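1. quick one: sequence and predicted model below, then my questions.
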Amino acid sequence: MTQLKPSGSIPPKVVLWASTASMLWGASYVAAKYSVGYIPPFTAASFRFAVVALCSLPLLWLTGKVQRIERDDWPDLITVGLFQTSFYFALQYAGIKLTTASNTSVIVNVRPVFAAILSAFVLHETLSGRKLAGVLTAFVGVVILSTGGALRSFSLQSSHFLGDLLILFNAISGAIGLVVNKRVLARFRPFPAMVYTQTIGAIGLVPFAALEISRLGAFPRAPALPWIMLAFQGLFSTILAHILWNRALASLEASRASVFIYIAPLTTSVLSWLLLHEPLGLPFLIGALLVLIGAYLTTSAANGNQIAKRSEP
């Protein structure tokens, strides 16, 4: 196993692993935004995680990393599966249809902030002044993002408000899953934990998709490319990114690894501008900077280790 190196230069291969994982996460939001333009959001999310389950379960078995699930493990596995996959991506895919990929990528980074607050109540971790500063900074950033900087004209009917609100709930759902996942990771290794919880999450998405399809009256018909984009998210932005990220974490302190997480929203913003023609004005840049500073203040505090370990979208 690669030894943890808390100081000194980071080996180039570790930089490559962490950077690639973060860029794959960033590209995921652009792929999702494109896909939900053709495929209803719940159906799209279900398809993505069906790909994850169908590919990761055989991979888990072939690599010999299967771990036995005891009866007492099921409540936490189900909770993480629902809040970190089912509810999380149902809200994310519904929200991204109503807002921009750039806003989505940035607002999702409020998740560690909510996780820090929940950890203080659920796990009795210290909510330090640094964490509180991160909470307030990120909150101001989200407000600027959601209003486009025009605070006087703030309205529940503003163009991105509902989408941004759904993404905020998406972040809260992820935070709940993240906190409970600490207990799961105390029992399971990271890869089996991901496979088990995301398979449960994939099953949890099926009722959302079934209801959506029944309301449409037929299975959605779309060109091949949106489905390919969803498969890309499953194979690369979920499975491959997770493997690369864990390899990088084996060689880095979480506080150093967390810096790479912020490559994701940068990747999303650039790709959104190039491919989706989303504008990147000054309010977006200011709001994004405040959210990322707030998230960094939170994740780099004393308890940042576990938060950094589950930062993928």
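-> Thanks, I have it. Numbering: from 1, shown residues only.
2. residue 75: neighbouring residues, count only.
-> The local packing of residue 75 (other Cβ atoms under 10 Å) involves 11 other residues. Any C-beta I mention is one placed from the backbone N, CA and C, and that applies to glycine too.
3. that should have said residue 32, apologies.
-> Neighbourhood size, residue 32 [other Cβ under 10 Å]: 29.
4. how about residue 297, what does it touch?
-> Contacts for residue 297 were tallied using Cβ atoms under 8 Å, 6 or more residues apart in numbering; they are 130-131, 133-134, 137.
5. tell me the buried residues within these.
-> Under a neighbour-count criterion of 16 or more other Cβ atoms under 10 Å, the subset of these counted as buried comprises 131, 134, 137.
6. of the contacts of residue 297, which belong to helices?
-> Secondary structure from DSSP state H places 130-131, 133-134, 137 of the contacts of residue 297 in helices.
7. ok, back up a step: closest one of the contacts of residue 297 to residue 237?
-> Using Cβ to Cβ, residue 134 comes nearest to residue 237 of these, at 25.8 Å.
8. how near is the residue nearest to that closest one when sequence neighbours are not counted to residue 128?
-> Counting by Cβ to Cβ, 6 or more residues apart in numbering, residue 134 lies nearest to residue 297, which is 3.2 Å off, once chain neighbours are set aside. Between residue 297 and residue 128 the distance is 10 Å, computed by Cβ to Cβ, to the nearest Å.
9. again, but for residue 191
-> When distance is defined by Cβ to Cβ, residue 191 is 32 Å away from residue 128.
10. before we move on, what about residue 75?
-> As for residue 75, its distance to residue 128 is 30 Å (criterion: Cβ to Cβ).
11. where does the stretch 101-250 of the chain have low pLDDT?
-> Scanning the stretch 101-250 of the chain with the threshold set as pLDDT under 70 gives 123-125, 127, 145-159.
12. could I get the full set of helices for it?
-> Remark: helices of the stretch 101-250 of the chain, listed N- to C-terminal, are 101-107, 111-122, 129-147, 161-187, 190-216, 224-232, 241-249; assignment by DSSP state H, counting those that start in this stretch.
13. would you indicate which residues of the fourth one are buried?
-> In this case it means helix 161-187. The neighbour-count check on helix 161-187 (16+ other Cβ under 10 Å) flags 161-185 as buried.
14. cool, and the fifth one?
-> By neighbour count, and taking 16+ other Cβ under 10 Å as the criterion, the buried residues in helix 190-216 are 190-205, 208-209, 212-213.
15. likewise for the last one?
-> Judged by neighbour count (16+ other Cβ under 10 Å), helix 241-249 contains these buried residues: 241-246, 248-249.
16. burial measure for residue 93, as a count.
-> By other Cβ under 10 Å, neighbour count at residue 93 equals 28.
17. can you tell me how far it is from residue 59?
-> Applying Cβ to Cβ, the value for residue 93 to residue 59 is 24 Å.
18. do residue 236 as well
-> Using Cβ to Cβ, which is the criterion applied here, residue 236 is 14 Å from residue 59.
19. more neighbours: these two, which one.
-> Here residue 236 and residue 59 are set side by side on neighbour count (other Cβ under 10 Å), and the busier one is residue 236, at 18 against 13.
20. in contact with the more buried one, which residues?
-> Neighbour list for residue 236: 24, 27 [criterion: Cβ under 8 Å, 6+ apart].
21. how near is residue 166 to residue 97?
-> Separation of residue 166 from residue 97 (Cβ to Cβ): 9 Å.
22. next one: residue 198
-> Applying Cβ to Cβ, one obtains 22 Å for the distance of residue 198 from residue 97.
23. likewise residue 268?
-> As for residue 268, its distance to residue 97 is 16 Å (criterion: Cβ to Cβ).
24. ok, these two, which is more surrounded?
-> Neighbour comparison, residue 268 and residue 97: the larger count goes to residue 268, with 30 against 19 (by other Cβ under 10 Å).
25. can you tell me which of the ones in helices among the contacts of residue 297 is nearest residue 230?
-> Using Cβ to Cβ as the measure, the one of the ones in helices among the contacts of residue 297 that approaches residue 230 most closely is residue 134, at 32.9 Å.
26. quick one: the closest residue to residue 275 other than its chain neighbours from residue 115, how far?
-> On the basis of Cβ to Cβ, 6+ apart, the spatially nearest residue to residue 275 that is not a chain neighbour turns out to be residue 30, at 6.0 Å. For residue 30, the distance to residue 115 equals 25 Å [Cβ to Cβ].
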